[in-house]
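*Asks:* Next comes the sequence, and after it the predicted model I'd like to discuss.
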Amino acid sequence: MAMAFVYFLIFPGMLFTIVAGMLASWVDRKVTARVQWRVGPPLLQPWYDFLKLMGKEVIVPRGGSRLAFLGAPLVGLAGASLAAGLLAAATVNAGIAFTGDIIVLLYLLVLPSLAIILGGAASGNPLASVGASREMKLLLSYELPFILVMVVPIVKSGGELSLAGLLSWQGANGAVAWSLSGILALVAAVLCMQAKLALVPFDQAEAETEIMGGALIEYSGAPLAIFKLTKAMMLVAVPWFLIVTLWGGFGQTAGSVVLGILKYVVLLVVVTLIRNTNPRLRIEHAMKFFWGPVTALAILALILAFLGV
């Protein structure tokens, strides 16, 4: 029980994910700066920003729901923290994992988006309502292909519904991503991950140049800091989830752990480059993109998986 507590809350669970997420957000900003021929922020800048927000006044809009407005950031943080804990259990100690944890993870990774919808709707601000509406439409768009993609490793492994079981199967048969269906699934998953992380071209819910922060426009102080922290944690948890389910995981030996870290860095650089080389899409275009080409790609990957390709 004590070790399970350590795995979920300290390493490689919640606290580890927070530190890694802050580092990942710095890498994202640094790569962005280099792409734009700038120097970029110092290594500790994400921590400076977080601590600065924690010290600022918390303002609750007069026309909003105080309980929902202040509770929404905690819902998102809880989802990201529990997701990190389940991924930690599957990666470090398979004995803690359970059958069906992949389904639980799919639900937990939705909570940060639901928190943004709840917070935006509870603020009573028209621009926040627009942001919440956009986030809801985007969530309904990318979740369909994302779930279809997650069925691919389940089909290829013969119905394995636990992360530890998927890792064990990939250890014996090779990563899902090394097959044609796995490659197609990984491409679709990366596109869905871009939207799940609210990165350009799928940041319509915030869209600072259009709706001045959108769903988060009324947030300040500690609640805004928690939203930013959750986003940093998701920058670790979502790629980690894809690596475990589609790309063979991190392994237990030193060499395999280094290889797993390189896989994560590749995914992080890819999403950063995508957001720096594409303009923001209109929300209706984003919906057509996910319900059209991305869903078709996910269905094709699923059909090939059923055929054993």
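*Replies:* Sure thing, it's come through. This is a predicted model, so every value here is computed, not measured.

*Asks:* moving C-terminal of whichever strand or helix holds G171, what's the next helix or strand?
*Replies:* Per DSSP states H and E: G171 is located in helix 163-173. Counting by DSSP H and E, the next helix or strand C-terminal to helix 163-173 is helix 180-196.

*Asks:* what packs against the helix or strand following that following helix?
*Replies:* Going down the chain from helix 180-196, the next helix or strand is helix 208-211, by DSSP H and E. For helix 208-211, the contact count by 3 or more C-beta pairs under 8 Å, 6 or more residues apart in numbering; DSSP states H and E identifies helix 126-156 as packing neighbours. All C-beta atoms are positioned from the backbone trio N, CA, C, and that covers glycine.

*Asks:* contacts for the helix holding G171?
*Replies:* Contacting residues not belonging to helix 163-173 are listed as 86-87, 90-91, 94, 97, 99, 101-102, 105, 153-154, 156-158, 160, 176, 244-245, 248-249, 251 [C-beta atoms under 8 Å, 6 or more residues apart in numbering].

*Asks:* Sort out for me which of these are in helices.
*Replies:* L86, L87, A90, T91, D101, I102, L105, P153, I154, K156, V244, T245 (DSSP state H).

*Asks:* any idea which of those is closest to L138?
*Replies:* Checking these against L138 by C-beta to C-beta gives L105 as the nearest, at 19.7 Å.

*Asks:* picking that back up, and the contacts of helix 163-173, which of them are buried?
*Replies:* Buried by 16 or more other C-beta atoms under 10 Å: 86-87, 90-91, 97, 101-102, 105, 153-154, 156-157, 160, 176, 244-245, 248-249, 251, out of the contacts of helix 163-173.

*Asks:* which intervals of the stretch 1-150 of the chain have sub-threshold pLDDT?
*Replies:* 1-11, 93-96 (pLDDT under 70).

*Asks:* One more pass at 90, please.
*Replies:* 1-16, 34-36, 62-65, 85-101, 124 (pLDDT under 90).

*Asks:* Just give me the neighbour total for Y48.
*Replies:* 11 (other C-beta atoms under 10 Å).

*Asks:* For it, what is the enclosing helix or strand?
*Replies:* Counting by DSSP H and E, the element that carries Y48 is helix 45-54.

*Asks:* Flag every buried residue along that helix.
*Replies:* For helix 45-54, the neighbour count (16+ other C-beta under 10 Å) marks P46, F50, L53 as buried.

*Asks:* Looking at those residues, which is nearest F227?
*Replies:* Out of those, the one with the shortest distance to F227 is L53. That distance is 9.3 Å, counting by C-beta to C-beta.

*Asks:* Let me see the contact set for the closest one.
*Replies:* Listed by C-beta under 8 Å, 6+ apart, the contact set of L53 reads S220, G221, A222, L224, A225, K228.

*Asks:* try 10 Å this time
*Replies:* Contacts for L53 (C-beta atoms under 10 Å, 6 or more residues apart in numbering) come out as Y219, S220, G221, A222, P223, L224, A225, I226, F227, K228, L229.

*Asks:* And L105, by the same measure?
*Replies:* When the contact criterion is C-beta under 10 Å, 6+ apart, the partners of L105 are G79, L82, A83, L86, L87, A90, M150, L163, A237, F241, V244, T245.

*Asks:* again, but for F306
*Replies:* Residues counted as contacts of F306 (C-beta under 10 Å, 6+ apart) are V151, V152, V155, K156, S181.

*Asks:* from those, which is closest to P279?
*Replies:* P279 lies nearest to V152 out of those, by C-beta to C-beta, at 30.2 Å.

*Asks:* Would you quantify the distance from the nearest residue to that closest one once chain neighbours are set aside to V58?
*Replies:* Counting by C-beta to C-beta, 6 or more residues apart in numbering, V152 lies nearest to A185, which is 4.2 Å off, once chain neighbours are set aside. Plainly put, A185 is 42 Å away from V58 if you go by C-beta to C-beta, to the nearest Å.

*Asks:* Burial check on the residue nearest to G71 when sequence neighbours are not counted, number of neighbours?
*Replies:* In this structure, G71 finds its nearest non-sequential neighbour in L118, 7.8 Å apart by C-beta to C-beta, 6+ apart. Close neighbours of L118, defined as other C-beta under 10 Å, add up to 22.

*Asks:* now the host helix or strand of L118, how far from the chain's geometric center?
*Replies:* Under the criterion of DSSP H and E, L118 resides in helix 111-122. Centre-to-centre, helix 111-122 and its host chain are 15 Å apart (C-alpha atoms, centre = their mean, to the nearest Å).

*Asks:* what's the angle between it and helix 180-196?
*Replies:* Counting by axes from the mean of the first three to the mean of the last three C-alpha atoms, to 10 degrees, helix 111-122 lies at 30 degrees to helix 180-196.
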